[in-house]
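> Give the three-dimensional model of this entry:
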Amino acid sequence: MISIKTPEEIQIMAEGGKILAAIIKEVSAIVKPGVTTEELDRATEALIFKYNAKPAFKGYDNFPASLCTSVNEELVHVIPSGRVLKEGDIISLDSGVLYKGFNSDMAVTVGVGKISKENQRLIKVTKRALEVGIEKVKPGATTNDIGEAIEKYIEKEGFGVVRELCGHGIGKTVHEDPKVPNYNDKGKGTALKEGMVICIEPMTTVGDWRIKKARDNYGYQTKDGSLSAHFEHMIAVTKKGYKVLTVG
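Below you'll find the predicted structure:
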């Protein structure tokens, strides 16, 4: 069932989204060679409590941390560990907060130290793909319009588009209906209505788009071991278009 949020509820979600955006920005600044993904998680959780919010991910579907830390070929939902980041790595930072009864969700991919031009381009294209998808959001459009635009842009740039995972609705739970694919789902999309809040999150690969379980047996990585990137924003459908809620 798709929930429609009131203007007051969307305002609360915007407040939570602003908190999350600030946290992601602060944690991104900590990323450097020699830092472990566990340290990034601890920093994230401390910041969440500092902002008088709660971790949305910790305990959700048995996830044991407040931050997903997916490095290089790892795509999403990887559990933080003692893994030490190295110069040239790229890492997806994906987190959520629970604030006044509503969840928020956001992800970015950042480089560790100096990264290759190929990795810079992978990150740039994935970030732009998110913007391309967001630009399709308005009442009367469909989730398929979003996915079709993302797929067309990413493939034009020569990268793969993950199909086995997708964006989602969000509200009092982290994952709600509808599903928001990153590819053309052949007309199976859900119509967008004012008051819906969705997460759009393109996942891009340098090689094949197919995925498998990551080494921690929880997250996911590319099946062929190619590099991947991931960006995500939380978006409210407004009367005339959209509002990005996960911004500072």
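
> Write down the beta-bridge partners of Thr109, one by one.
Thr109 has these beta-bridge partners by DSSP bridges: Ser92.

> count of residues packed around Val84?
Applying other C-beta atoms under 10 Å, we find 13 residues neighbouring Val84. For glycine as for every other residue, the C-beta is placed from the backbone atoms N, C-alpha and C.

> That one and Thr222, how far apart?
Using C-beta to C-beta, to the nearest Å, one gets 21 Å for the distance from Val84 to Thr222.

> cool, Glu73 as well?
On the measure of C-beta to C-beta, Glu73 and Thr222 end up 5 Å apart.

> Compare these two and say which one has the larger neighbour count.
Residue environment comparison for Glu73 versus Thr222 gives the larger neighbour count to Thr222, 24 against 20, counting by other C-beta under 10 Å.

> circling back to that earlier point, mutual contacts of Glu73 and Thr222, please.
Both Glu73 and Thr222 are in contact with Ser228, where contact means C-beta atoms under 8 Å, 6 or more residues apart in numbering.

> now the helices: where do they sit in the chain?
Secondary structure of the chain by DSSP state H: the helices cover 7-30, 37-50, 117-134, 143-156.

> With distance to Val197 added, can I get those helices in JSON lines?
Compiled in JSON lines, the helices of the chain are given as follows (distance: least, C-beta to C-beta, whole Å):
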{"stretch": "helix 7-30", "distance to Val197": "6"}
{"stretch": "helix 37-50", "distance to Val197": "20"}
{"stretch": "helix 117-134", "distance to Val197": "13"}
{"stretch": "helix 143-156", "distance to Val197": "13"}
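
> Looking at those helices, spot the one closest to Thr246.
Among the helices of the chain, the nearest to Thr246 by C-beta to C-beta is helix 7-30 (4.1 Å).

> and the angle for the closest one with helix 37-50?
140 degrees (axes from the mean of the first three to the mean of the last three C-alpha atoms, to 10 degrees).

> Model confidence score at Gly16, please.
At Gly16, the predicted lDDT confidence score is 98.

> Could you check how far it is from Ser95?
Counting by C-beta to C-beta, the gap between Gly16 and Ser95 amounts to 12 Å.

> do Ala129 as well
Using C-beta to C-beta, we find Ala129 at a distance of 20 Å from Ser95.

> quick one: contacts for the nearest residue to Val97 once chain neighbours are set aside?
Here the nearest residue to Val97 in space, its sequence neighbours aside, is Ala53; by C-beta to C-beta, 6 or more residues apart in numbering that works out to 4.1 Å. Going by C-beta under 8 Å, 6+ apart, Ala53 touches 16, 19, 97-99.

> repeat that for 6 Å
In this structure, Ala53 makes contact with 19, 97, 99, judged by C-beta atoms under 6 Å, 6 or more residues apart in numbering.

> just checking, the first one touches Lys50?
No. Contact status for Ile19 versus Lys50: not in contact, 9.5 Å apart, counting by C-beta atoms under 6 Å.

> neighbouring contacts of stretch 110-126?
By C-beta under 6 Å, 6+ apart, the residues outside stretch 110-126 that reach it are 28, 31, 33, 85, 87-90, 109, 157, 202, 204, 229, 231.

> in it, what counts as buried?
110-112, 115, 119, 122-123, 125-126 (16 or more other C-beta atoms under 10 Å).

> show me where pLDDT drops low in the chain?
Counting by pLDDT under 70, not a single residue of the chain qualifies.

> Start and end of stretch 207-224, how far apart?
Stretch 207-224 has an end-to-end distance of 7 Å (criterion: C-alpha to C-alpha, to the nearest Å).

> I would like the residues contacting it, please.
Contacts for stretch 207-224 (C-beta under 6 Å, 6+ apart): 73-79, 160-162, 164, 205, 226, 228.
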